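Chemist: Fold the following.
(one chain, ligands or ions: 1)
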Amino acid sequence: MIKRSDFPKNFVFGTATAAYQIEGAANEDGKGPSIWDIFSHTPGKIMTGENGDVACDHYHRFKEDVQLMKEIGLDAYRFSISWPRVMPDGKNINQKGVDFYNRLVDELLEHDITPFITLYHWDLPYALYEKGGWLNSDIAMYFRAYATFMFNELGDRVKHWITLNEPWCSSFLGYFTGEHAPGHKNLQEAIVAAHNLLRSHGHAVQSFREEVKDGTIGLTNVVMKVEPGDSRPESFLAASLVDKFVNAWFHDPVVFGKYPEEAVKVYQERGLQVMENDMDIISTPIDFFGVNYYTRTLVVFDTTNPLGFSYVQGDLPKTEMGWEIYPQGLFDMLVTLKERYRLPLYITENGMAGPDKIENGKVKDTYRIEYLEKHFEKALEAINAGVNLKGYFIWSLMDNFEWAYGYSKRFGIIYVDYNTQKRILKDSAYWLKDFLIS
Ligand SMILES: OC[C@@H]1[C@@H](O)[C@H](O)[C@@H](O)c2nc(CNc3ccccc3)cn21
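Modeler: Model (predicted):
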């Protein structure tokens, strides 16, 4: 049985959340609307018709939540800042919003929990969306100013920062499939948004080097193990191509200053415009990559699809999200990232949605314990194979607003009763508490 002491001494175990998914107080103390406030209030966008107006009410209950993190024994906590809470119009400061994050950071430090901050976890100020949002090249300057302000405000106490959470999701789910805010369905827009997201990332890193000399900063991407769904050579080719678009497209430019050759041609014909210095800015050196790993993706050659491939379902056991449980993919991708980019890594998200039910005041989420154990084992295997893995953040600390699924998917190690806002540690939280002292 794997033990915490099998991991390197300074390895951090934590949990992760995001502002819009847990804070609530969506219109309180001067906070401005985000694109997710508008999207979640738009009929038909959220499967359950729910929104993040209250969520887990973390804005008011953060002290209780930090106490629970301490009770579990977490080393670190990854959370995001709501840009529109701090800058309601995307530019001017809302001091009450800033005060909240100062209080949260101080509460974490008082409980010996190391804060890891994500600057952007999808909740763009709506006022900036109205100026073009990620489609307007000026967004990089707005993001740099926001990042610089936060570095100056919290950088004396917060030494680990992530610029963006999953730019692939922000661009391709937000602007191509339309499943996420702002709900556009335009491939050209998605390509432009992706480039502006990476430009914004690079500008934030440049500012960080000036403002927080003793800190580390990185970029978190969704990392999918892309595999062929059948044995045809064309499907192997399709898998390799999809890997370039989903994984390499958001890693290569940040390290090599170049987009993957195979994908550039496709995107240049569909609106990608790279201005002089863009790639130099995007490839401003970072300290680590954050890895959000959940599952694998299977693709097959498919001439009926204009893109030449289609996704297929695998036959492994699945979580409530319909995602296959595939711990081997975590090992494979950690090794791949290490060999290709030679950067330290954090697992910034890994976890599962389960059929969590309260029975006699308990949640017997044995399936989540098994999921975490298997993925912990693969993480340790990767470390022993030479991967410089520095930490592991479970998604998530508590059940929360799961984007287009509303509150119907529970990822937390803490159960949230949304009617009463009562928090109940699931069996997986008690298992983690024991693991962290093993
Ligand atoms: O869905 C669970 C979490 C979500 O709550 C987080 O806010 C987000 O950072 C997050 N990213 C993934 C992985 N992304 C993904 C996107 C499309 C298809 C499959 C996985 C999962 N999650």
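Chemist: List of residues touching stretch 98-112?
Modeler: 29, 59, 62-63, 66-67, 69-70, 77, 79, 81, 85-86, 114-115, 150, 153-154, 157-158 (Cβ atoms under 8 Å, 6 or more residues apart in numbering). (Glycine included, C-beta is placed from N, CA and C.)
Chemist: rerun at 6 Å
Modeler: Residues outside stretch 98-112 that contact it (Cβ atoms under 6 Å, 6 or more residues apart in numbering): Phe62, Lys63, Val66, Lys70, Tyr77, Ile81, Val86, Pro115, Glu153, Leu154, Arg157, Val158.
Chemist: buried set for it?
Modeler: Neighbour counts over stretch 98-112 (16 or more other Cβ atoms under 10 Å) mark Val98, Phe100, Tyr101, Leu104, Val105, Glu107, Leu108 as buried.
Chemist: and if you look at stretch 278-298?
Modeler: In stretch 278-298, counting by 16+ other Cβ under 10 Å, buried: 278-279, 281-284, 286, 288-298.
Chemist: cool, stretch 262-273 as well?
Modeler: Buried residues in stretch 262-273, counted by 16+ other Cβ under 10 Å: Ala263, Tyr267, Leu272.
Chemist: and the end-to-end length of that stretch?
Modeler: Stretch 262-273 has an end-to-end distance of 16 Å (Cα to Cα, to the nearest Å).
Chemist: Most proximal residue of the stretch 1-150 of the chain with respect to the ligand?
Modeler: Nearest residue of the stretch 1-150 of the chain to the ligand (Cβ to the nearest ligand atom) works out as Ala18 at 4.8 Å.
Chemist: where's the one residue in the stretch 151-300 of the chain that gets nearest to the ligand relative to Tyr293, distance?
Modeler: Residue of the stretch 151-300 of the chain nearest the ligand, by Cβ to the nearest ligand atom: Val222 (4.0 Å). Val222 sits 8 Å away from Tyr293, going by Cβ to Cβ, to the nearest Å.
Chemist: Now do the shared contacts for the two.
Modeler: Common neighbours of Val222 and Tyr293 (Cβ under 6 Å, 6+ apart) do not exist.
Chemist: tally of neighbours for Gly218?
Modeler: Residues within reach of Gly218, counting by other Cβ atoms under 10 Å, total 25.
Chemist: Tell me the one among the contacts of stretch 98-112 nearest to His375.
Modeler: Tyr77 (19.0 Å; Cβ to Cβ).
Chemist: Please state the backbone phi and psi of that closest one?
Modeler: Backbone torsions for Tyr77, taken as degrees, to the nearest 10, come to phi -140, psi 120.
Chemist: Read off the pLDDT value for the residue nearest to Glu50 when sequence neighbours are not counted.
Modeler: Leaving aside its sequence neighbours, Glu50 sits nearest to Gly406 (Cβ to Cβ, 6 or more residues apart in numbering; 3.7 Å). Among the per-residue scores, Gly406 holds a pLDDT of 98.
Chemist: any idea how far Gly406 is from Arg423?
Modeler: 19 Å.
Chemist: More neighbours: these two, which one.
Modeler: Ranked by neighbour count (other Cβ under 10 Å), Gly406 and Arg423 place Arg423 first, with 20 against 17.
Chemist: Now do the strands in the stretch 151-300 of the chain.
Modeler: For the stretch 151-300 of the chain, the strands defined by DSSP state E, counting those that start in this stretch cover 160-165, 216-222, 225-228, 288-292, 296-301.
Chemist: CSV please, covering those strands and showing mean pLDDT.
Modeler: Listed next are these as CSV, based on pLDDT from 0 to 100:
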stretch, mean pLDDT
strand 160-165, 99
strand 216-222, 99
strand 225-228, 98
strand 288-292, 99
strand 296-301, 98
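Chemist: Would you convert these into CSV that also reports distance to Lys338?
Modeler: Output for the strands of the stretch 151-300 of the chain, formatted as CSV (distance: least, Cβ to Cβ, whole Å):
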stretch, distance to Lys338
strand 160-165, 19
strand 216-222, 14
strand 225-228, 14
strand 288-292, 10
strand 296-301, 18
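Chemist: Just tell me which of those ends up closest to Phe208.
Modeler: If you check each of these against Phe208 by Cβ to Cβ, strand 216-222 wins as the nearest, at 4.7 Å.
Chemist: Check which strands are paired with that closest one and give the direction for each one.
Modeler: strand 160-165 (parallel), strand 288-292 (parallel) (DSSP bridges).
Chemist: What's the local residue count around Pro43?
Modeler: For Pro43, the neighbour count with other Cβ under 10 Å is 6.
Chemist: Which positions in this protein make contact with the ligand?
Modeler: Within the chain, the positions near the ligand by Cβ under 6 Å from any ligand atom are Ala18, Gln21, Asn165, Glu166, Cys169, Val222, Asn292, Tyr294, Glu349, Trp395, Glu402, Phe411.
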